Structure formats: C-alpha cells, structure tokens
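Visitor: need a 3D model of the following:
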Amino acid sequence: MSISGQNLTIVIVTLKSELVVEECINSIDNEISIIVVENSNNIIFKKKIEEKYKNVSCVLTQENLGMGRGNNIGIKLAKTDYVYILNPDVILEKNALENIYLASKEIKDFSILTPINSNKDFPNWKNITFNDFNNLKPFQVDSVDGYSMLINKKKFNNNFFDENIFLFLENDDLCLRVKKERGSIFVIPESKINHKGSSGIDPKYKDEIEFSRNWHWIWSKFYFQKKHFG
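Guide: As a prediction, this is how the structure comes out:
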C-alpha cells in the first residue's frame with residue numbers, strides 16, 4: 001500500500017518551540033493532518049496554533065514527558081496507517097512529500113523511511129557497510145535520525161518508541177529493533193528536508209536545555225548499551 005496525503009499524519013513534539021514550529025507547519029501541505037504534542041500545559045500556545053491552522057490539533061501533556069513518550073502519544077492518536085515524525089526545527093523542501101508518495105509505490109515493504117537532509121555535511125542516516133550513494137534511487141540504511149522518521153504503523157505491533165528513554169537515542173533504539181526483526185529502513189534522496197539543528201527551543205532557555213541534554217545523553221547511552229548489548 002503506497003503513501004498518500006489521505007493515509008498520512010504528521011506528528012511534531014514541541015517544548016518552548018513557538019519561534020520555529022510555524023515555519024515547519026507552513027512547509028507542510030495544509031490538507032494533511034498534523035498533531036502537535038506540546039510537552040507542557042501551555043494553553044495559550046494550543047489555542048493560537050489551532051486557531052491559525054485548521055489541519056492542526058494540539059495535545060497538551062501537562063508536563064515534559066520527553067521525546068519518545070511524546071511521539072508515542074501522537075502516533076497512537078493518529079488514525080492513519082503512516083505517521084511522519086518531525087522535529088519543530090525541520091522544514092520540508094518543495095515536493096518533499098510528493099516524492100515520498102512516488103517512492104513508496106516502488107518500495108514493496110518498509111518499516112521506516114525518510115527524506116534526506118539537504119545539508120550533505122550532516123547526513124540524517126547511518127550505515128555500517130557504506131556511507132555514500134551515487135544515484136537518486138531510494139537506498140536502505142541501518143538507522144535514520146529521529147528528527148525525520150516516517151513510520152509504517154502496522155510494522156510495530158503498537159510497540160513504538162521506548163518510553164524509558166527520555167531524550168536521545170530513542171530513534172537508534174527504534175531502528176535497531178527494526179533491523180533485529182528484519183524490517184527495512186529507506187532514505188528517499190529525491191525528497192529533501194532542511195534541519196536547522198538544535199534550534200527547536202527558544203534560545204533564552206539555552207543554559208537550562210544544555211544542562212538537561214548533557215544529563216540525558218549520558219543516561220541514554222548507558223540505558224541503550226545495557227538494553228541491547230548487556
């Protein structure tokens with residue numbers, strides 16, 4: 001079954017992301033359903049975003065639940081077969097979704113796929129066997145970054161992101177589980193995104209966020225290693 005605007009929902013997890021999330025939403029076809037999961041109780045943000053965009057519904061979690069748990073809320077609320085996870089600081093370039101739709105007709109089976117980051121210095125995919133490509137055809141990889149992941153819900157048995165991981169490596173965990181279960185992960189080179197990188201939160205919270213990121217990076221590395229490698 002190929003992807004279309006009718007069977008796709010986009011999920012964006014936000015936290016103090018007012019300065020960037022609208023640019024992300026504006027890059028998406030306004031006929032596509034978007035679920036914004038705001039990791040706070042910011043009712044002003046919810047009202048503003050829902051009044052401005054008729055295709056957007058905003059869920060307030062009341063507290064910061066982390067990326068994985070926030071994404072799971074959006075995925076489970078989505079009524080479509082496919083869910084595209086986006087960070088609020090990601091912009092879809094022209095025809096990004098259309099090129100995904102076309103590519104999905106040629107790929108018989110997949111668990112995850114994604115456009116490619118337009119900045120070649122910061123690829124949004126990893127592969128053990130090769131790190132380059134020389135054509136525009138979709139190619140399989142071992143993992144993709146969590147800021148852009150289109151998920152085939154039927155492949156996951158309702159087991160999406162590991163909610164024990166608050167921040168960092170939740171995407172690596174998901175991709176590794178896909179590979180262990182012999183699923184497939186594809187990158188679509190003709191579909192492009194622009195990731196601004198670590199700009200999803202208002203800069204005035206820079207010190208607070210940096211402290212939190214450093215703590216969670218260490219903890220997530222420990223948990224990930226123990227979970228998969230003992």
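
Visitor: from now on I want contacts and neighbour counts done on CA atoms only, so please keep to that.
Guide: Fine.

Visitor: which stretches of the protein have low pLDDT?
Guide: For the chain, the stretches flagged by pLDDT under 70 are 1, 130-135, 198-209.

Visitor: mind checking the longest helix of it?
Guide: As assigned by DSSP state H, the longest helix anywhere in the chain is helix 206-229.

Visitor: for that one, buried residues please.
Guide: Of the residues in helix 206-229, His216, Ser220, Phe224 count as buried by neighbour count, 16 or more other Cα atoms under 10 Å.

Visitor: kindly report the same for stretch 66-73.
Guide: Gly66, Met67, Gly68, Arg69, Gly70, Asn71, Asn72, Ile73.

Visitor: out of the residues you listed, who's nearest Lys180?
Guide: Nearest to Lys180 among these: Gly68, at 19.6 Å, using Cα to Cα.

Visitor: remind me which helix or strand that closest one belongs to.
Guide: Using DSSP states H and E, Gly68 sits in helix 67-77.

Visitor: next, name the residue at the spatial heart of this structure.
Guide: Nearest to the geometric centre of the chain sits Ile85, at 2.8 Å (Cα atoms, centre = their mean).

Visitor: surely that residue meets Asn71?
Guide: Yes: with contact defined as Cα atoms under 8 Å, Ile85 and Asn71 form a contacting pair (7.2 Å).

Visitor: between those two, which contacts overlap?
Guide: Counting by Cα atoms under 8 Å, 6 or more residues apart in numbering, the contacts common to Ile85 and Asn71 are Val11, Ile12.

Visitor: strands paired with the longest strand anywhere in the chain, and their directions?
Guide: For the chain, the longest strand by residue count, based on DSSP state E, is strand 185-195. In its sheet, strand 185-195 lies beside strand 90-92 (antiparallel), strand 112-117 (parallel), strand 139-140 (antiparallel), with partners assigned from DSSP bridges.

Visitor: can you tell me which of those is packed in deepest?
Guide: Each of the strands paired with strand 185-195 was scored by mean neighbour count; the highest is strand 112-117, a mean of 26, by mean count of other Cα atoms under 10 Å.

Visitor: next SSE downstream of it?
Guide: As assigned by DSSP H and E, the chain's next helix or strand after strand 112-117 is strand 125-126.

Visitor: what's that following strand packed up against?
Guide: strand 143-144 (3 or more Cα pairs under 8 Å, 6 or more residues apart in numbering; DSSP states H and E).

Visitor: can you name every helix or strand that the helix or strand just after the helix holding Gly68 contacts?
Guide: Per DSSP H and E, the first helix or strand lying C-terminal to helix 67-77 is strand 82-86. On a contact count with 3+ Cα pairs under 8 Å, 6+ apart, strand 82-86 meets strand 8-14, strand 148-152.

Visitor: pull the residues that contact the helix or strand just after the shortest one.
Guide: Looking back up the chat, that one is strand 148-152. Counting by DSSP H and E, the element after strand 148-152 in chain order, helix or strand, is helix 170-180. Residues outside helix 170-180 that contact it (Cα under 8 Å, 6+ apart) are 67-68, 111, 142-146, 160-162, 184-185, 224.
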